[in-house]
Structure formats: C-alpha cells, structure tokens
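Asks: Structural data only, the sequence is not supplied:
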DNA sequence: TGACTATTTGGCTATTTTGCCAAATAGATT
DNA sequence: AATCTATTTGGCAAAATAGCCAAATAGTCA
C-alpha cells in the first residue's frame, strides 16, 4: 500500500472514527431531528458539558456537524445527513451476525 | 439516555469502531474484490502477519467478514457488502468539508 | 512421527482516547 | 465595569488500541 493510497484511507478512517462512539452516534441522531445546544445534549447523555463539547468538537472537525453561535449558546446541526443511512447497514451487520449464530447453533 | 438505548448505541459503535482504522478499511476494500488469506493481506499492507490477523479478528468479531479455513490457510471474505456504500457518504463528508473551507476563504 | 507452513495468541510498550474538574473565554445584562 | 451564563480548553489519570516479537496451535506432507 503506497503512500498516497494510505493517506486516502487515513482520511476515511478519521471520519469513521469521529462516529465510532456511542455518545457521538446518539448526538448525530438527535441533531438529525433538530439543532441542539451543548447543555441540552449534555442533559440527554448525562455527561459533563465539557465532555459533550469535546465530542461535538470531534464531529465538527471532520465536517459532519455545523456550529452556529447565537447569544451565549452554540447550536449544533447535522451537516451531512447521509451518515444516517449507515444505520440500516449496521442493522444489517447485526442481522447477519445473529443469523450466523443461529446457523452455528443449528449445526450442533 | 436510558440503559437500553445506551446499549443499542454501544453495539452500533462497536461495529463502527471495527471499521475505523485505515488498514481495516483497506482490507474491506480488498475483500470486496475477492477473498484473501492473511499473509496475502499482510504483504499488501506491509505489516506484520500477526498485526493483520488481529485486524481481521476485529472485523470478524462484529460479523463484517467471514473466515474459512482451507488447508493451513484461512481465507477471509466480505460478509456484509453494504459497508462499501459508506464510502460514498465519506466522500460526501469530505466534499462538504472542502466546500466549507472554500466559503470560509471566500468570505475573507 | 517429524519437519514445515499458516495463523493465532501472550506479553509487552507506546500511543491514543475518554471523561472529569478547574480555569479561561465569549457574550448578555444590570 | 461587574456579574452571570454558556461554552471551550488545559491538565490529568484511567482505559482502550496498535504493533511487534516470540511462542503456541493447527494442518500438511514426507
């Protein structure tokens, strides 16, 4: 794998990594519904505001969400809704996995 | 976020995380073409065979790839091809990000 | 059986990630 | 200006991840 190819996969991995956390996946789902400010999300996930701020920062740094400051609050919104489409595939992975176990058990 | 909801997002995150690594994304792409054995992939990514074996183990543990032993070799193949579809969205994220920078620069 | 090959696993270190607290920053209000 | 609120950032410790070497395992073939 040469240098330029590797760089391409590193960029992709960075985007995947930004989503690869339960709290961040939850946040993306919430932002799909409507924009939210930091403390609102912090209450929902029951984590420190600073922790949520860092999660949001990660999502924003790869461009998945957008931020807009209004007054003292910062409202975050989903910039790239197609990430929601991944979920159906994730469910597919889970189904395939369940099926595999069924087959494995069936063979006993 | 209650317990059962959290558990659901943790499962999803585990699947995302399995893909959130440049080497593993590369491997998935290669397996989309055709099945490969461990050493074949190790040569391609220029990493230790044991390292690649562990990457494959992660992908298999969440059900994304399948393994089949034939002789002394183990052939891996892509079980859930829909993960390939994520790439077009990843490209979309990158484009949105590029556009954001363009606008930002344009406003200077 | 014994040697050989392919893969996995144990053990280790280095690096990254996570989450909290405390402090800093930015904007609004009096 | 002083204060108050919302958010971000510095710093830290705990946990997870990555990669390599060496050793163990599983299968093949003489």
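Replies: Here it is on my side, so go on. It should be emphasised that the depicted structure is a prediction, and the values quoted were computed from it without experimental measurement.

Asks: got a list of what residue A:5 touches?
Replies: residue B:26 (C-beta atoms under 8 Å, 6 or more residues apart in numbering or on different chains). C-beta here means a position set from N, CA and C on the backbone, and glycine is covered the same way.

Asks: Identify the residue nearest residue A:59 in space, chain neighbours excluded?
Replies: Nearest residue to residue A:59 in three dimensions, chain neighbours excluded: residue A:65, at 4.6 Å (C-beta to C-beta, 6 or more residues apart in numbering or on different chains).

Asks: Please apply the same query to residue A:80.
Replies: residue B:93 (4.9 Å).

Asks: wait, that neighbour sits on residue A:86?
Replies: No: counting by C-beta atoms under 8 Å, residue B:93 stays clear of residue A:86, with 11.3 Å between them.

Asks: Just give me the residue closest to the centre of chain A.
Replies: residue A:19 (3.0 Å; C-alpha atoms, centre = their mean).

Asks: what about the nearest residue to that residue once chain neighbours are set aside, distance to residue A:56?
Replies: Of all residues not flanking residue A:19 in the chain, residue B:16 sits nearest, at 5.3 Å (C-beta to C-beta, 6+ apart). Distance check for residue B:16 against residue A:56: by C-beta to C-beta, to the nearest Å, it reads 17 Å.

Asks: Kindly report the same for residue A:69.
Replies: Distance from residue A:69 to residue A:56, by C-beta to C-beta: 13 Å.

Asks: between these two, who's got more neighbours?
Replies: Higher neighbour count among residue A:69 and residue A:56: residue A:56, with 23 against 9, using other C-beta atoms under 10 Å in any protein chain shown.

Asks: Spit out the contact partners of that one.
Replies: Residues counted as contacts of residue A:56 (C-beta under 8 Å, 6+ apart) are A:27, A:38, A:41, A:65, A:67, A:76.

Asks: change it to 10 Å
Replies: A:24, A:27, A:31, A:36-38, A:41-42, A:64-65, A:67, A:74, A:76 (C-beta atoms under 10 Å, 6 or more residues apart in numbering or on different chains).
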